[in-house]
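Peer 1: Fold the following for me, if possible:
(chains A, B and C)
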Amino acid sequence: MKDTGKERLHQVSAGSKRRDQQSGRLITRRNFLRATAVFTGGALSARSGYPMPEGHGQHGLADHQAMDMTEDYHSMMFTPGHNMEPGMTIEPPGAPRDDEVKYKEFSIEVKIARHEILPGIQVHMFVFNGQVPGPEFNVTEGDWIKVNFTNKTEEMHTIHWHGLAVPYTMDGVPMITQDPVHPGQTFVYRFQAKPAGTRWYHCHWGTPLHASTGMHGAFIIQRRNEHLKERFPYEREYTLVLESWDVDFAREEMNGLLEGMKQVNLLMAKGMLDPMTHGFFKTYQAFLEAYRNDDYVPPYLQGRSNRIPFRPNFFGINGKSYPATRRIGIKQGEWIRLRLISASSQSHHMHLHGHDFWWVAQDGNDLPDPRHINTIHVEPGGTYDIMIYGDNPGYWTFHDHKTTQARNNGIYPGGALTLLEYEDFEPSYVPAVSVDQ
Amino acid sequence: MKDTGKERLHQVSAGSKRRDQQSGRLITRRNFLRATAVFTGGALSARSGYPMPEGHGQHGLADHQAMDMTEDYHSMMFTPGHNMEPGMTIEPPGAPRDDEVKYKEFSIEVKIARHEILPGIQVHMFVFNGQVPGPEFNVTEGDWIKVNFTNKTEEMHTIHWHGLAVPYTMDGVPMITQDPVHPGQTFVYRFQAKPAGTRWYHCHWGTPLHASTGMHGAFIIQRRNEHLKERFPYEREYTLVLESWDVDFAREEMNGLLEGMKQVNLLMAKGMLDPMTHGFFKTYQAFLEAYRNDDYVPPYLQGRSNRIPFRPNFFGINGKSYPATRRIGIKQGEWIRLRLISASSQSHHMHLHGHDFWWVAQDGNDLPDPRHINTIHVEPGGTYDIMIYGDNPGYWTFHDHKTTQARNNGIYPGGALTLLEYEDFEPSYVPAVSVDQ
Amino acid sequence: MKDTGKERLHQVSAGSKRRDQQSGRLITRRNFLRATAVFTGGALSARSGYPMPEGHGQHGLADHQAMDMTEDYHSMMFTPGHNMEPGMTIEPPGAPRDDEVKYKEFSIEVKIARHEILPGIQVHMFVFNGQVPGPEFNVTEGDWIKVNFTNKTEEMHTIHWHGLAVPYTMDGVPMITQDPVHPGQTFVYRFQAKPAGTRWYHCHWGTPLHASTGMHGAFIIQRRNEHLKERFPYEREYTLVLESWDVDFAREEMNGLLEGMKQVNLLMAKGMLDPMTHGFFKTYQAFLEAYRNDDYVPPYLQGRSNRIPFRPNFFGINGKSYPATRRIGIKQGEWIRLRLISASSQSHHMHLHGHDFWWVAQDGNDLPDPRHINTIHVEPGGTYDIMIYGDNPGYWTFHDHKTTQARNNGIYPGGALTLLEYEDFEPSYVPAVSVDQ
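Peer 2: Reported below is the predicted structural model:
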């Protein structure tokens, strides 16, 4: 029934689970931290509260001297017992164990890969399971979900489950609800899929780059009884993840990150960089004092804005820009459902030609009264569900009416544009492809 | 009843219809195509399906050799029999003939003309019937509409009927539902005016430039029984088309287009430009192959974004910026209706002082429940209807609360700003004009 | 009950009222006007209609010769009898006298002060009563409000009461409903607090700079019977004013203003600048004629756009950027109300983690049907009320999902970001502070 043009996430069967253990070759900030004996090994502090599965990440750690810094700081980052070793699996508290509920288990890894937006436009991105958007979750309300998230990059990441009511320890916000997932580590997210509706997931570390380029994907939670089908008896549904990219920003930022990570590692190896003041503070007061004592210069004082401007020049639907976007099929007399998800930092104004459609849900929840419109304004962070009825056979563009975003690198037409295509009619005119302005 | 400050479209009476036949002096891409005998003359291919009225555009075409390219490509552009001669009238299929229904007939032409936004700010624009916005259609639900659209420029254009449920062949999207209307040609749009509400029309070729600068106009479809008058008994209504212009972008883009057209024509006359790969491809696969074989470099690979940035510096209501905008009249105890249409690529946040108003419709359709607000967020591509009740006599600004858009070339006040003016009270203070910051 | 992290406005008791009389040392445009004897002193023209309290601003003015310009121009600016002397108190018509209703009286002054957005980021702003945002009004529907607004800067200002149904003479739009309040002057705003809901106030002179940097504050009008408490029985409420700043624009603009004011004063003192054509015209026709006769070059013709670009680089909640923002407290089983006010020129997309909340009001008025969402789109000029129920203990970020606005000078995380913090649970992980990217 579904035809979203994206690979679905395959549920991990019990026997097939396999997790690559990174070799440890990388000299990362985390390795340095371990190497310089900042942390005690052995039992994890009750404070940090995160049990580590046996056999993970505890080898090689002996009785190093702990820094006395556990008094009021609960982050694993600088907590005795915190193990940043590659290959470690982190099991945060707050969810049932494997033997308490029946989990649907999935594995997601992030790598750096080249993604092709358009012929000739290939961009290095952080990607989930090798694809942009990441694989779509399509589960049922109330399902128990277990996601083994493995970081196969040199950067740090997390996953935030956007719009899901997960325990806070599974919410994926670095330094707020969890430590970032370090290179080589696996973080196990467990939660119940609720509430129903169109929701999504994305990285919450370095979000302006990571989430948009391209760590994002749909998380569809089907209702057990979809009452919307009474009024709108649809069979087919489509998920459209809207995206915007500044490929120049992405390239510079990505290179800067990797270069910066090298320097951090080098400085740490030489003992020249204090991990305590490198970005993380236990409290706002500690940050303030470091600033006032001239121990720390916040990066926002270093003139960043003008160095890497962010001006999106490519806009996508499910990872592709027009004319590479996939069309949406419909038949005469058919209802279809579109689930629109904004993984973009921009507002998109998706206008459908030849039809007024029904806007039925926002952020996964039904509107009290569906609204009859022809342009749906897809705002950053939001999700929007619309129902289209096939009563006007033809080819109909569905595109961003902010025309500057229906362009590729400034060339119209392009960007967030696709076609609604009737599959059961005899056309007198058939669409061609225009890539000229 | 209406006082929109704009010329209404005059319905064409049967006897007054007249269409200028362009002289053919221009050496256009289309002329070249004809001159180099790419197309057969004579009967139009049944495939393209578009009957040409007798006597139009068929003279001068004899039995040239056809390129064998009709197999799977239905566009008239490269179809044998396709005649791009100036003066041709194109009648697409999909609508009743003149003797089948009674049409209200209109004529619209597009020319390049200088439009004055403000004293001293004159911009060359593509304009409908010599005015910005184009003439307002104000018809009744169910009327049959016939629009003879003549292109009196060297560029290509179409008209898209935004929000109207027209046959797809009348939808005006180039290369998707019709060939673009070439210089000198007339394209006849025929459709029934439906559904009722505030809708509009604009060019859909090179939309970022054409539609905003300034090929756009209101298309109001009155309900036979306007039930909104029961709750909001208004007599007067106003149409406000919101606009944004980057006059530097418009100038560069317009010059570039005209220059480019010269070069295209020249190259074609010398046989140096292959029309098959100049922007249009029969299929996405053909485009992909041309790209992979190095036969074609898409324009988005040529670094456009940074060459002509688009940063609107003027913002308008019905073609004018404050202080040149027209005021909105109201009387005490009166309801008025405002129909707001976004012909802008920007979001506008129109705030009315001294009143909460009722937002009653979006995209032409009534909201299930009107909303009581004082700032209406007019998003690209959308239309918004609001009802204002006159219960607070005075002068009240109605303006974009994104204050950078209440400026003229960066100078506040200006832009999308006008006044609601009570016509029946004795003021103790009378508005002046401020053009300073 | 309230804990908004901002100073509340203290009601002025009858005895404590005191108004600084500026010394008159400044050589301002206004002083010049007086010094060059443009205006007659004595009784104020009935036309301008604004009575001046006895003893204010009339000393030192004798029988100068009036310019004959009162025929059709009602602005005080160039009206005989108009007194721009510092220290004058202006009482516009349109509201009851002190002995007619019982006023709650407040005093607000504007000064230029350094405001600290973040450690190390201090910006000179126009500020109300020394704070950003200005003091919050929190009154009851129907209260009579009297605000003595004193301008202690060299620039001109007004106060606009955004969303309140005040008499038009109290609406605070310069040259439309009142003359701007000149340096040293006090303008008395009187009105009844209505309608109920989340409303606000801001300067309406040079709004792009003044209102955002930082002359804005909340104006909460409590209902006598808050029926929303039946469905959402909240006790605590929070006001969050959202802001965006381009600190470079602010610095340049502020310096330019002050420099420009010096030059204006100097030119006027030398008789080289005609006040009649310096920015204000009696009618649009007068403006047009001045332009056409080459008597006047509007500032928008002088290439401003590219000289001071406006690209916000800091984003705030109640005057502060993350990590300096205050957290929002909640308890399990508790309803809280958030009143979001956009004092920003940008759109903000505030996403709450771990919860769907109820959006209950827009622009101060209840929605017909509350909407269940997790991201509220806070558009320029709008106010939005949401209700959050405490059913998921933890730490939850509440932030702009336009990720470029969750940055400080381009560095993520930062900007419009804070935490919803459960006050009554035992955390297994406690938030730290990240100021790194």
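Peer 1: Spell out which parts of the stretch 301-437 of chain A neighbour chain C.
Peer 2: Contact residues (CB under 8 Å from any CB of the partner chain) of the stretch 301-437 of chain A with chain C: A:301-305, A:307-308, A:310, A:345-347, A:362-365, A:367-369, A:379-382. C-beta here means a position set from N, CA and C on the backbone, and glycine is covered the same way.
Peer 1: Among those, which ones lie close to chain B?
Peer 2: Within those, those near chain B by CB under 8 Å from any CB are A:347, A:368-369.
Peer 1: Let's have those in TSV, adding neighbour count.
Peer 2: As requested, those are arranged in TSV below (neighbours: other CB atoms under 10 Å in any protein chain shown):
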residue	neighbour count
A:Ser347	24
A:Pro368	13
A:Asp369	14
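Peer 1: which of those lies closest to A:Trp335?
Peer 2: Taking CB to CB as the measure, A:Trp335 sits nearest to A:Asp369 out of those, at 18.0 Å.
Peer 1: how about stretch A:422-437: buried residues?
Peer 2: A:422, A:427-437 (16 or more other CB atoms under 10 Å in any protein chain shown).
Peer 1: So which of these sit within strands?
Peer 2: Among these, DSSP state E puts A:422, A:433-434 in strands.
Peer 1: Closest to chain C out of those residues?
Peer 2: A:Ser434 (30.8 Å; CB to the nearest CB).
Peer 1: Now do the closest one, the pLDDT please.
Peer 2: A:Ser434 is assigned a predicted lDDT (pLDDT) of 83.
Peer 1: Which residue is the nearest non-sequential neighbour of it?
Peer 2: Nearest residue to A:Ser434 in three dimensions, chain neighbours excluded: B:Met175, at 4.4 Å (CB to CB, 6 or more residues apart in numbering or on different chains).
Peer 1: With chain C as the reference, measure out to A:Val297.
Peer 2: Relative to chain C, A:Val297 is positioned 8 Å away (CB to the nearest CB, to the nearest Å).
Peer 1: what's the burial count for the residue nearest to A:Ser434?
Peer 2: Residues lying near B:Met175 (other CB atoms under 10 Å in any protein chain shown) number 24.
Peer 1: Kindly report the same for the one 4 residues further on.
Peer 2: Counted with other CB under 10 Å, residues neighbouring B:Asp179 total 25.
Peer 1: Distance check, it against B:Gln263.
Peer 2: Distance from B:Asp179 to B:Gln263, counting by CB to CB, to the nearest Å: 21 Å.
Peer 1: try A:Val147
Peer 2: 55 Å.
Peer 1: neighbour-wise, which of the two wins?
Peer 2: Set side by side, A:Val147 and B:Gln263 show more neighbours around A:Val147, with 22 against 10, by other CB under 10 Å.
Peer 1: What's the separation between that one and chain C?
Peer 2: Plainly put, A:Val147 is 17 Å away from chain C if you go by CB to the nearest CB.
Peer 1: Break chain A down into its structural domains.
Peer 2: By the assignment in automatic domain parsing, chain A contains the domains A:8-223, A:250-301, A:314-422.
Peer 1: In chain A, where is pLDDT below threshold?
Peer 2: Within chain A, the ranges that satisfy pLDDT under 70 run A:1-86, A:264-269, A:271, A:273-279, A:303-304, A:306-307, A:437.
Peer 1: what ranges do the helices span in chain A?
Peer 2: A:29-35, A:207-210, A:228-231, A:247-269, A:284-292 (DSSP state H).
Peer 1: Chain B: which of those helices is closest?
Peer 2: Chain B sits nearest to helix A:247-269 of all these, at 8.4 Å, using CB to the nearest CB.
Peer 1: relative to helix B:284-292, how tilted is the lengthiest strand in chain A?
Peer 2: Counting by DSSP E, the longest strand found in chain A is strand A:103-118. Strand A:103-118 and helix B:284-292 meet at an angle of 60 degrees, taking axes from the mean of the first three to the mean of the last three CA atoms, to 10 degrees as the criterion.
Peer 1: any idea how far strand A:103-118 is from the chain center?
Peer 2: The chain centre lies 10 Å from the centre of strand A:103-118; the measure is CA atoms, centre = their mean, to the nearest Å.
Peer 1: Work out the sheet partners of that strand and label each with its direction, please.
Peer 2: Paired neighbours of strand A:103-118 in the sheet (DSSP bridges): strand A:121-128 (antiparallel), strand A:144-151 (parallel).
Peer 1: now it against helix A:247-269, angle please.
Peer 2: Relative orientation of strand A:103-118 versus helix A:247-269 (the same axes, to 10 degrees): 120 degrees.
Peer 1: Just the buried residues of strand A:103-118, please?
Peer 2: Those buried within strand A:103-118 under the rule 16+ other CB under 10 Å are A:103-110, A:113, A:115, A:117-118.
Peer 1: Same question for stretch A:218-229.
Peer 2: Those would be A:218-221, A:228, for stretch A:218-229 by 16+ other CB under 10 Å.
Peer 1: For A:Val110, give the beta-bridge partners.
Peer 2: Note on A:Val110: beta-bridge partners A:Phe128, A:Asn151, judged by DSSP bridges.
Peer 1: That one touches A:His202, doesn't it?
Peer 2: No - at 11.1 Å, A:Val110 does not count as touching A:His202 under the criterion of CB atoms under 8 Å.
Peer 1: Overlap in contacts, the two.
Peer 2: Jointly contacting A:Val110 and A:His202 under the rule CB atoms under 8 Å, 6 or more residues apart in numbering or on different chains are A:Met215.
Peer 1: And the strands in the stretch 201-350 of chain A?
Peer 2: A:216-222, A:236-245, A:280-281, A:314-317, A:328-330, A:335-342, A:348-352 (DSSP state E, counting those that start in this stretch).
Peer 1: Spit out the contact partners of A:Ile221.
Peer 2: Counting by CB under 8 Å, 6+ apart, A:Ile221 makes contact with A:139-141, A:143, A:164, A:193-197, A:199, A:364.
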